[in-house]
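Participant: my questions are about this predicted structure, shown below with the sequence.
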Amino acid sequence: MTRLILSLGTALLLTVGTVWADPFEDAAAAYARGDYAIALKAFKSLAAQGDAMAQYHLGVAYVNGQGVPRDYTKAREWFEKAAVQGNAMAQHHLGVLYRNGKGVPQDYAKAREWYEKAAAQGIAEAQINLGMLYEGYGVPHDEVRAYMWYSLAAGHLSGDEQKIAVDNRDKVARSMTPDQVAEAQRLAQQCQAQQFKGC
């Protein structure tokens with residue numbers, strides 16, 4: 001009798017576990033193991049229900065051509081759906097598409113707009129990309145802002161990525177006055193203290 005009760009209890013636990021499985025996590029696991037057909041079917045279902053993470057992952061699939069033909073226009077559509085819901089990585093990727101003119105006409109102002117939204121949520125890659133824009137790539141040249149964004153990114157990164165942010169910051173600093181460097185450092189501290197609001 002005890003064995004039967006334990007077996008029923010185990011069966012009940014397995015059933016409950018199956019009922020409560022997270023469809024997004026299942027889709028992400030399928031995607032990670034390269035089972036794109038299953039992953040994309042689940043992501044599309046979740047995305048149609050407004051799930052921003054699923055929308056973001058569909059955008060990534062279209063950028064990389066994983067399970068679907070590479071299509072920057074479709075990637076932009078999915079990134080945009082997620083980005084307007086506040087998904088920071090989708091905002092960053094949307095900025096990359098606008099900077100590179102992939103799936104959209106090249107537009108540095110829109111790239112900056114999306115990078116700023118992602119950077120305000122602490123996405124260091126967006127902060128690095130803002131630093132590059134402020135070095136004079138498509139937006140008015142502003143070494144103070146470039147230094148500030150590189151400094152903020154360096155504070156969130158490690159390893160090779162941190163080295164890139166530090167090297168870029170130091171390169172910009174070589175053409176700045178001590179007062180400009182001090183101002184950039186002050187702005188970076190202020191930005192961090194205000195949790196990126198108004199940067």
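Facilitator: In hand now; what should we look at?

Participant: point to the residue nearest the middle of the protein.
Facilitator: In the chain, the residue lying closest to the centroid (C-alpha atoms, centre = their mean) is residue 89, at 1.8 Å.

Participant: my read: that residue touches residue 122, true?
Facilitator: No - here residue 89 does not reach residue 122: they are 11.1 Å apart, not a contact under C-beta atoms under 8 Å. For every residue, glycine as well, the C-beta is placed using N, CA and C.

Participant: so who does the residue lying closest to residue 31 once chain neighbours are set aside touch?
Facilitator: In space, and not counting its chain neighbours, residue 31 is closest to residue 39: 3.7 Å by C-beta to C-beta, 6 or more residues apart in numbering. Applying C-beta atoms under 8 Å, 6 or more residues apart in numbering, we find residue 39 in contact with 27, 28, 30, 31, 57, 61, 67.

Participant: what is the nearest of those residues to residue 164?
Facilitator: For the contacts of residue 39, the residue nearest residue 164 by C-beta to C-beta is residue 57; the value is 25.7 Å.

Participant: which non-adjacent residue is nearest that closest one?
Facilitator: residue 43 (5.2 Å).

Participant: could you look up the SS state of that neighbour?
Facilitator: helix (DSSP: H, G, I helix; E, B strand; the rest coil).
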